[in-house]
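Chemist: Sequence first, then the predicted structure, then my questions.
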Amino acid sequence: MRLEDKVALIIGGTSGIGEATAKAFAKEGAKVLVGGRNNEKGEQIVEDIRNDGGEALFVKVDTTQFDEVKQAVQRAQDEYGTLDILYSGAGIHDSYQTALDMDEEEYDKLMAVNVKGPYLAAKAALPVFLEKGKGTIVNVGSQATHVAGPGGSAYVTSKHALEGFTKQLAYDFGSKGIKANLLAPGFVETPMTEGIDEERLKDIPAQRAGKPEEVAALAVFLASSESDYMHGTSVTMDGGWVVGR
């Protein structure tokens, strides 16, 4: 029960790593708001959590719309009295397109979800955290946070940018009781990675893809008091893929 009595908003919580994280947080005692755009999937995850003895509700959130993110934060306050943890895990891929291949509209959409989304979420949650003098932000990066290759031009740029944003959050607000860190998973079995050539697995020392539940366990650590001396850190979980890059 490492997150007992904590209230967590999971943005991007209706599939993949976000879904596993919502369930892991609930199992550790958190009251969880599952945020996403898929009502049916979100309500199913909430039902799964409740059937397992946890407490959760679904909030419809488009992470690129500040009003919707603010409403989700307000919902946490209305239902549970506060917000303690913000997990920003919504993201989209660019199918490995180069700067020459990708058109401007696609580029803008990816940046809106992968970079602007976590900024808007933090902007909505920070006033609550500052008022209480404590709060935790976990942003979700990627192998592409550190190296080129795990995505195309826009994706790699977005994940590098997210690391910089997370560091700046820690720099600006760490002294005010707010902890911000970045979780950088590698090749994980999620809807985003379906159809990607598994030839890449031979370049991973672990010789396999990761499981969402493994990444969720690390997210629990970053959200818990056990990591309170970690500020602005990027934590990689990728089966060793980047060590040989």
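Modeler: Nice, I can see it. These numbers were taken from a predicted model, which means no experiment stands behind them.

Chemist: can we go C-alpha only for contacts and neighbour counts from here?
Modeler: Fine.

Chemist: residues contacting the closest residue to Leu126 other than its chain neighbours?
Modeler: Of all residues beyond its chain neighbours, the one nearest Leu126 is Gly135 (7.9 Å), with distances taken as CA to CA, 6 or more residues apart in numbering. With contact taken as CA atoms under 8 Å, 6 or more residues apart in numbering, Gly135 is in contact with 83-85, 126, 129, 177-179.

Chemist: where's Gly135 relative to Met111, distance?
Modeler: 25 Å (CA to CA, to the nearest Å).

Chemist: next one: Asn51
Modeler: Distance of Asn51 to Met111, given as CA to CA: 36 Å.

Chemist: Please identify which of these two sits among more neighbours.
Modeler: Met111 (20 against 10; other CA atoms under 10 Å).

Chemist: before we move on, which element is the closest residue to that one other than its chain neighbours in?
Modeler: Using CA to CA, 6+ apart and skipping the chain neighbours, the partner closest in space to Met111 is Ser158 (6.1 Å). Ser158 belongs to helix 153-173 when elements are defined using DSSP states H and E.

Chemist: Check the offset of that helix from the chain's centre.
Modeler: 13 Å (CA atoms, centre = their mean, to the nearest Å).

Chemist: try stretch 180-194
Modeler: Put simply, stretch 180-194 sits 9 Å off its chain's centre (CA atoms, centre = their mean).

Chemist: That stretch - what's its average pLDDT?
Modeler: The pLDDT scores in stretch 180-194 average 88.

Chemist: Span of that stretch from start to end?
Modeler: End-to-end distance (CA to CA), stretch 180-194: 30 Å.

Chemist: One more: stretch 4-24?
Modeler: Distance across stretch 4-24, first residue to last, is 12 Å (CA to CA).

Chemist: what's the single longest strand in this protein?
Modeler: When the chain is parsed with DSSP state E, its longest strand is strand 178-185.

Chemist: how about the residue located most distally from the centre of the chain, secondary structure?
Modeler: Distance to the chain centre peaks in the chain at Leu100, reaching 28.8 Å (criterion: CA atoms, centre = their mean). State at Leu100, reduced to three classes by DSSP: H, G, I helix; E, B strand; the rest coil: coil.

Chemist: That one and Tyr107: what is the separation?
Modeler: 11 Å.

Chemist: Just want the most central residue of this protein.
Modeler: Gly89 (2.3 Å).

Chemist: check contacts around it.
Modeler: Residues in contact with Gly89 (CA under 8 Å, 6+ apart) are 10-13, 17-18, 139-140.

Chemist: which among the residues you listed gets closest to Lys70?
Modeler: Ile11 (12.0 Å; CA to CA).

Chemist: on that earlier part again, quick one: which of the contacts of Gly89 sit in helices?
Modeler: Per DSSP state H, helices hold the following members of the contacts of Gly89: 17-18.

Chemist: quick check, nearest of the contacts of Gly89 to Gly164?
Modeler: Asn139 (11.0 Å).

Chemist: For that closest one, give me its contacts.
Modeler: Counting by CA under 8 Å, 6+ apart, Asn139 makes contact with 87-89, 118, 162, 166, 180-183.

Chemist: Can you give me the separation between it and Ser175?
Modeler: For Asn139, the distance to Ser175 - CA to CA - is 19 Å.

Chemist: ditto for Val243
Modeler: Distance from Val243 to Ser175, by CA to CA: 33 Å.

Chemist: Give me the below-cutoff pLDDT ranges for the protein.
Modeler: 192, 195-198 (pLDDT under 70).
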